[in-house]
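> build me a structure from this.
(chains A and B)
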Number of protein chains: 2
Amino acid sequence: MKKLLIASTSKVYGSDFLEYLHDELLIFFKFCKNILFIPYARPSGLTHDQYTEMVSQNFKRINKKIIGLHKFKNKKKALSDCEAIFVGGGNTFVLLNQLIELELIDTLKNVINSGTPYLGTSAGANICGPSISTTNDMPIVNPINLQSLKILPFNINSHYLDPIQSSKHMGETRETRIKEFHSLNDETVIGLREGSYLMVIGEKVILKGELNARIFKKFNNPYEIPPETDLSYIT
Amino acid sequence: MKKLLIASTSKVYGSDFLEYLHDELLIFFKFCKNILFIPYARPSGLTHDQYTEMVSQNFKRINKKIIGLHKFKNKKKALSDCEAIFVGGGNTFVLLNQLIELELIDTLKNVINSGTPYLGTSAGANICGPSISTTNDMPIVNPINLQSLKILPFNINSHYLDPIQSSKHMGETRETRIKEFHSLNDETVIGLREGSYLMVIGEKVILKGELNARIFKKFNNPYEIPPETDLSYIT
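Have a look, this model is predicted:
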């Protein structure tokens, strides 16, 4: 049975890395001692080692050992054998590109579908939908395609931002960008605000956190859903 | 001799489409009666006809006739024969993808290098650099590559936004995103604030408008340059 925790962000304002998820992670990773960390999104150009070390320090708080996937020669085996997976944020193009180049997409998908617990934040959340076409990141590399894990039937827009009413900025709002996505694509998009996350258990997808999420369906006006809504009916 | 006007945005807050450039455009297009408009960036999913009509209405103010490139069967000939070109904003991926699919990149580049006046706003500005890898847009299509016209030796980040000091948003700032670009790419990036534009005459590239631009060079701290700076030394 699938088990995923898919979070808009690793950090909310004024608190440490994953701090707001502390209690949830204690339960989510209750039966795991070791977590395989995928550092390929590389925020701010960190090395894989630096990123893994930062995450490792953090997970000591909940008494979990972090091992970086980049350290394994046989990465498919490492994925197949692991107890749990964490894919951290950074640049979604870089993350997907690396997973494609290392031919890890199918393995990762199979392992998640088989029930290995998966925590994904930001870029690690974005790759769970059908494509990364609703990322906010810059295309600093160009993956051969933008198709991703398709674990969820809808795309994620993480760090979802409401239009700022007082803004004089003329660049597109997030809502306009998602509308443009729907001029060429069909997938429903979930705008996941910072502090929101999805808890996926089997086919159930429950919105968690204190905020509403915003749902963008093609040919429909966007609408809000409150926490504890089951999103599994949304395709 | 090359002649380009490369603007961060088509609209500044509180004024109409291209209104802030009215006087400049009167001079820039002084010797042209007809302007070939490239509507392929299609903002908000407009049709090519709708977008062209909107632009056409606007250019009546300066007594210019707008013709949409999409109306021509032989688009290469239309580009080669035209008096002037305007590429409007929208989604940079969509624009580049269409130019690649129609095999127009080389023709457009040659025509601009031969001296046909080129006005580009937003997405139309972004494609003038070596790549579109510093666009803010969502990858709603996936061009076969992200290489663009290379008319300018540096990349553009249009609608450049300074970090908002009071913001509690944890998504990457524009500066962080450009720093990440430099972790994998070498090109200098010009952060062009709304209201700023570059006037390119031959090899001279002068920053215009009232605001500074922000220069991001690999391995260097970002720095500001004032209006009237000649950027042609920047590579």
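
> hey, where'd the strands end up in chain A?
Counting by DSSP state E, chain A has strands at residues A:3-7, A:34-38, A:65-68, A:85-87, A:118-121, A:155-160, A:189-193, A:197-201, A:204-208, A:213-216, A:223-225.

> pretty sure residue A:141 contacts residue A:97?
Yes - look at residue A:141 against residue A:97 with Cβ atoms under 8 Å: they come within range, at 4.7 Å. Every residue, glycine included, has its C-beta placed from N, CA and C.

> what does the pLDDT read for residue A:235?
We have a pLDDT of 69 for residue A:235.

> what's the closest non-adjacent residue to the residue nearest the centre of chain A?
Central residue of chain A (Cα atoms, centre = their mean): residue A:125, 0.9 Å from the mean position. Residue nearest to residue A:125 in three dimensions, not counting chain neighbours: residue A:6, with 4.5 Å by Cβ to Cβ, 6 or more residues apart in numbering or on different chains.

> got a list of what the residue nearest to residue A:11 when sequence neighbours are not counted touches?
Once flanking residues are discounted, residue A:11 sits nearest to residue B:170: 5.1 Å by Cβ to Cβ, 6+ apart. Applying Cβ atoms under 8 Å, 6 or more residues apart in numbering or on different chains to residue B:170 gives the contacts A:9, A:11, A:12, A:13, A:159, A:194.

> count the neighbours of the residue nearest to residue A:125 for me.
29 (other Cβ atoms under 10 Å in any protein chain shown).

> quick one, helices of chain A?
Using DSSP state H, the helices found in chain A span residues A:22-28, A:48-59, A:75-81, A:92-101, A:105-113, A:123-126, A:174-184.

> contacts for the first one?
Looking back up the chat, that one is helix A:22-28. Contact with helix A:22-28 is made by A:3, A:5, A:18, A:61, A:62, A:117, A:119, A:197, A:199, A:208, as judged by Cβ under 8 Å, 6+ apart.

> just the buried members of those?
Burial by neighbour count, 16 or more other Cβ atoms under 10 Å in any protein chain shown: within these this picks out A:3, A:5, A:18, A:62, A:117, A:119, A:197, A:199, A:208.

> out of those, which one sits closest to residue B:226?
residue A:18 (42.7 Å; Cβ to Cβ).

> for the closest one, which non-adjacent residue is spatially closest?
Residue A:18 sits nearest to residue A:10 (Cβ to Cβ, 6+ apart), 5.7 Å away.

> how close does the one you found get to residue A:144?
27 Å (Cβ to Cβ, to the nearest Å).

> list the residues that contact the closest residue to residue A:171 other than its chain neighbours.
Nearest residue to residue A:171 in three dimensions, chain neighbours excluded: residue B:159, at 3.6 Å (Cβ to Cβ, 6+ apart). Neighbouring residues of residue B:159 by Cβ under 8 Å, 6+ apart: A:169, A:170, A:171, B:8, B:9, B:122, B:136, B:192, B:194.

> touching, the fifth one and residue B:121? I think so.
Yes - under the criterion of Cβ under 8 Å, residue B:9 makes contact with residue B:121 at 6.3 Å.

> what is in contact with these two at once?
Jointly contacting residue B:9 and residue B:121 under the rule Cβ under 8 Å, 6+ apart are B:89, B:158.

> how many other residues sit next to the closest residue to residue A:217 other than its chain neighbours?
Once flanking residues are discounted, residue A:217 sits nearest to residue A:188: 4.9 Å by Cβ to Cβ, 6+ apart. Residues contacting residue A:188 under the criterion other Cβ under 10 Å number 19.

> residues touching residue A:188, list them.
Per Cβ under 8 Å, 6+ apart, neighbours of residue A:188: A:153, A:154, A:155, A:215, A:216, A:217, A:218, A:234, A:235.

> and residue A:227, what's its pLDDT?
Value for residue A:227, per-residue pLDDT: 97.

> number of nearby residues for residue A:186?
If we define neighbours as other Cβ under 10 Å, then residue A:186 has 11 of them.

> got it, and residue A:103?
Number of residues near residue A:103 (other Cβ under 10 Å) recorded here: 10.

> and it, how close does it get to residue B:162?
Note on residue A:103: its distance to residue B:162, by Cβ to Cβ, is 41 Å.

> now do residue A:197
30 Å.

> kindly report the same for residue A:17.
Noted for residue A:17: a distance of 25 Å to residue B:162, by Cβ to Cβ.

> out of the two, which sits in the busier spot?
Applying other Cβ under 10 Å to residue A:17 and residue B:162 shows that residue A:17 carries more neighbours, namely 16 against 11.

> give me the pLDDT value at the residue nearest to that one when sequence neighbours are not counted.
Spatial nearest neighbour of residue A:17, chain neighbours left out: residue A:58 (5.1 Å); criterion: Cβ to Cβ, 6+ apart. Note for residue A:58: predicted pLDDT of 94.

> quick revisit: give me the distance between the residue nearest to residue A:11 and residue B:179.
As judged by Cβ to Cβ, residue B:170 and residue B:179 stand 16 Å apart.

> follow-up on the earlier one: just give me the least confident of the contacts of residue A:188.
residue A:235 (69).

> surely residue A:36 is in contact with residue A:84?
Yes - with contact defined as Cβ under 8 Å, residue A:36 reaches residue A:84; the gap is 6.9 Å.

> so which of those two has more stuff around it?
Neighbours were counted for residue A:36 and for residue A:84 using other Cβ under 10 Å; residue A:36 has more, 24 against 19.

> circling back to that earlier point, give me every residue that touches the residue nearest to residue A:17.
A:16, A:17, A:18.

> tell me which of these is nearest to chain B?
Each of these was scored against chain B by Cβ to the nearest Cβ, and residue A:17 proved nearest at 10.5 Å.

> may I have the phi/psi pair for that closest one?
phi -50, psi 120 (degrees, to the nearest 10).

> surely it touches residue A:54?
Yes - taking Cβ under 8 Å as the definition, residue A:17 is a contact partner of residue A:54 at 7.4 Å.

> residue A:31 and chain B, how far apart?
For residue A:31, the distance to chain B equals 30 Å [Cβ to the nearest Cβ, to the nearest Å].

> residue A:114 versus that residue, what's the distance?
For residue A:31, the distance to residue A:114 - Cβ to Cβ - is 15 Å.

> residue A:145 now?
Residue A:145 sits 24 Å away from residue A:114, going by Cβ to Cβ.

> returning to that earlier point: tell me the phi and psi of the residue nearest to residue A:217?
Per degrees, to the nearest 10, the backbone of residue A:188 is at phi -70, psi 150.

> and it, what pLDDT?
For residue A:188, pLDDT reads 97.

> what do you get for residue A:192?
Predicted confidence (pLDDT) for residue A:192: 97.

> and the gap between the nearest residue to it once chain neighbours are set aside and residue B:93?
Nearest non-adjacent residue to residue A:192, counting by Cβ to Cβ, 6+ apart: residue A:8, 4.0 Å away. In this structure, residue A:8 and residue B:93 are 23 Å apart, going by Cβ to Cβ.
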